[in-house]
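Sequence first, then the predicted structure, then my questions.
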Amino acid sequence: MGIKAFYFCSQNDKTINIMADYTQMWTDLGLDHDNHNALLDNLGKAYQSIFMAQDNRPEGMSYFDFVMSEAHGLRIQELRDEQKAGRKIIGSFCVFVPEEIILAAGCTAVGLCAGADFAQEEVEKVLPRNTCSLIKSFFGFKLGKVCPYMEVSDMIVGENTCDGKKKSFEIFKDMVPNFYQMDLPQTKTPMARHMLKQEYKSFVEKLEEMTGKSISTEALKQGIATVNAKRQALRRLSMLRAANPAPISGLDALLINQIAFLDNPVRFTEKVNALCDELELLVKESKGAKTAKAPRVLISGCPMAIPNWKIPTIIESTGAVIVGEESCIGERGQRNLTDDSADNLNGLMDSITDRYLKIDCAVFTPNQERINHIKEMKQQYNADGVIHYGLQFCQPYIMESFSVEKELEKQDISVLRLETDYSQEDMGQLSTRVEAFVEIIK
Amino acid sequence: MKLAGIDIGSRSIELVVLENGHVIHSKQANSGYNPIERVKELTSDISFDKIMATGYGRGIVEVAFDYPTVTEIKAYGAGATALFPEVRSVLDIGGQDTKVISINEKGKVIKFEMNDKCAAGTGKFLEMMATTLGFKLATLGPTALEGTEGIEINSMCAVFAESEVTSLLAKGCLRNDIALAIHQSVCRRAVGMIRRQNISTPLMFAGGVANNSCMVHLLQKELGERIIIPEKPDFVGAHGAAILAGLS
């Protein structure tokens, strides 16, 4: 079988090879070797042509390149070592599942949100073709047996956000050994808040049952501190992108935000802060990943899960730079800190509930805060225009895109609404529209 | 200074050469399956100081001949204003694309909208329907104008519409009437796009389909206001590209 994992050159032109043979580990996880190798091969080629081909990448990106090269290797090994030491791995799809609680329970959180088409024929046996690509993707990863994160998870949490997710979980729950469905409110009324808190309390109980330990106030405070530190590091990164020239490309920033869902939170936070130290110096010297003349774009809408790099690649190929993501894998998901001042569990659960209820995902109604945040981000990051990204069949975001466009245009902000899937068939059409939009905002 | 603009479309390639703002050369060829050869032929007997490429195939010539490029949206904006300075919006129905563009007094694009992924409601649709009805594309417009109203074609998809047309023919409907219904379909779609955008008039109707007299008639009727039709509607993109070559 041999070693089959992707390798590529760091910006110092040192080839990073995977030193260990993970074949046994992948066999133990039940991965399909042919499918998995094909996936890694494609991923490696895509990474090379999209990320490694960029100019003026910060030195600090070499850590994240390394994480990517070992995403199916070393990181999975780390998670299995944690399991051997008694930690449970909890997979989830959505930013509404509190990492604070998972950490407080002595578990590790991993994100399973998926960004590539796989095993489509198999998927279409169980799901309608007209389903959002994100959902079809995680089904494809499961049915194709190519995702070690999914296979290593001791429990997978699915959240009732949109109709697509909600109904797909009815089918998905029978495909995995331990599935937990979390309900979410659709509004932000006091009753909705009460419901979310109850759901979070049930989640605490479930984790306590799984681990055989109860969650203490101290542990929850520590969990909050860890996740807050991660959010603060990501916030620091976002703020640095307001500079002109932008010190880092949108592609690299998106990658960092995607890796936030996979990596060890403490180590990740440290590396993001180290990168930010470097970016601060670049900003002082007015150096950047792009020139000061590069048109600046804010992208807003559906999350771009790893390895979905389709739209940012098209946008940055025009010479434009993406200066922010109003998206769950991005600022919307990381925006607020959890208040850790309470000294009892109930108070901390209140803070957690309050913090998560602030997320302005389109599954909530009404959702005026989101439009306000888009306008704020446009100002804050000095964007020249906004590109709204909606996944085909995503009713919440596509429907909201109409009001987003209308309200932003009232303030003379140029908006381009895109609706697409994970396929390559509309690359030409998307490129023309994006290029024409960049010509307008230049 | 001689400025050349070349618009490499899905069906045809147009070349325009300007000197002091006047068109001194304009030529068209079918794109065929080897647009690079067509481009070589078109440019073989002319001279120019600067060139700009646009259209669906601009990427190919950017690589093959190192021509700078702009999107056809920007090119149509510049071309429309150059030909008729009072124009504030452009409807371009081409071979596979429909666009509605809003421009300012300088010809700069403010906003645009394009058709979705597939070529429904574009020149391709009319071409396929012409074949189904047994008409030549060049005479489809005048033939449709002779038709009587009353039939409605529901599909914009050429595949589904072909089935509809076959059923109508089997029922004994006249080809002229069906041809009119098809044009009304395309017109409805274009007008829908125009109305969604809140355009300013006057509107220019350009692109290959603007050569079709029935489409012109129907749009004029539906929009009520005066529509500007340039003498050579398929050359607006190349004309605009030539103007932009001068500004680069």
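Thanks, I have it.

where does the chain dip in pLDDT?
I'll assume chain A. A:1-19 (pLDDT under 70).

Chain B is the one I meant
Chain B contains residues with pLDDT under 70 at B:117.

longest helix anywhere in it?
Longest among the helix segments of chain B by residue count, using DSSP state H, is helix B:175-197.

Dump the C-alpha coordinates for the helix or strand that it is followed by into CSV.
Downstream of helix B:175-197, the first helix or strand assigned by DSSP states H and E is strand B:203-206. Output in CSV follows, covering the C-alpha atoms of strand B:203-206 (Å, rounded to 0.1, in the frame of the first residue of the first chain):
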residue,chain,number,x,y,z
LEU,B,203,-31.6,51.6,-23.0
MET,B,204,-29.4,50.2,-25.7
PHE,B,205,-30.2,46.8,-27.1
ALA,B,206,-27.0,45.2,-28.4
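
For strand B:203-206, which strands pair with it and how are they oriented?
strand B:89-93 (parallel), strand B:227-228 (parallel) (DSSP bridges).

Name the residues of the first one that are buried.
So the one you mean is strand B:89-93. Across strand B:89-93, burial judged by 16 or more other C-beta atoms under 10 Å in any protein chain shown covers B:89, B:90, B:91, B:92, B:93. For glycine as for every other residue, the C-beta is placed from the backbone atoms N, C-alpha and C.

Same check on stretch A:388-397?
Residues A:388, A:389, A:390, A:391, A:392, A:393, A:394, A:396, A:397 are the ones in stretch A:388-397 that count as buried (16+ other C-beta under 10 Å).

in what helix or strand does the third one lie?
If I follow you right, that is residue A:390. Using DSSP H and E, residue A:390 sits within strand A:385-391.

Residue A:58: what's its closest spatial neighbour, skipping adjacent residues?
Nearest non-adjacent residue to residue A:58, counting by C-beta to C-beta, 6 or more residues apart in numbering or on different chains: residue A:278, 5.3 Å away.

residues in chain B within reach of chain A, list them.
Chain B comes close to chain A at residues B:56, B:70-74, B:108-112, B:114, B:117, as judged by C-beta under 8 Å from any C-beta of the partner chain.

Let me know whether residue B:209 touches residue B:96 as I believe.
No - Residue B:209 sits out of contact with residue B:96 when judged by C-beta atoms under 8 Å, with a separation of 11.2 Å.

any idea how far residue A:59 lies from residue A:278?
The gap separating residue A:59 from residue A:278 is 6 Å, by C-beta to C-beta, to the nearest Å.

Looking at the stretch 251-400 of chain A, what residue ends up closest to chain B?
residue A:392 (9.3 Å; C-beta to the nearest C-beta).

residue contacts, the closest residue to that residue other than its chain neighbours?
Once flanking residues are discounted, residue A:392 sits nearest to residue A:421: 4.7 Å by C-beta to C-beta, 6+ apart. Contacts for residue A:421 (C-beta atoms under 8 Å, 6 or more residues apart in numbering or on different chains) come out as A:133, A:391, A:392.

Give the buried residues for stretch A:190-204.
For stretch A:190-204, by 16+ other C-beta under 10 Å, it's A:193, A:195, A:196, A:197, A:199, A:200, A:203, A:204.

Report the central residue of the chain.
This is for chain A. Centroid check for chain A by C-alpha atoms, centre = their mean gives residue A:329 as the closest residue, at 3.4 Å.

that answer is for a different chain, and I need it for chain B
The residue lying closest to the centre of chain B (C-alpha atoms, centre = their mean) is residue B:207, at 1.9 Å.
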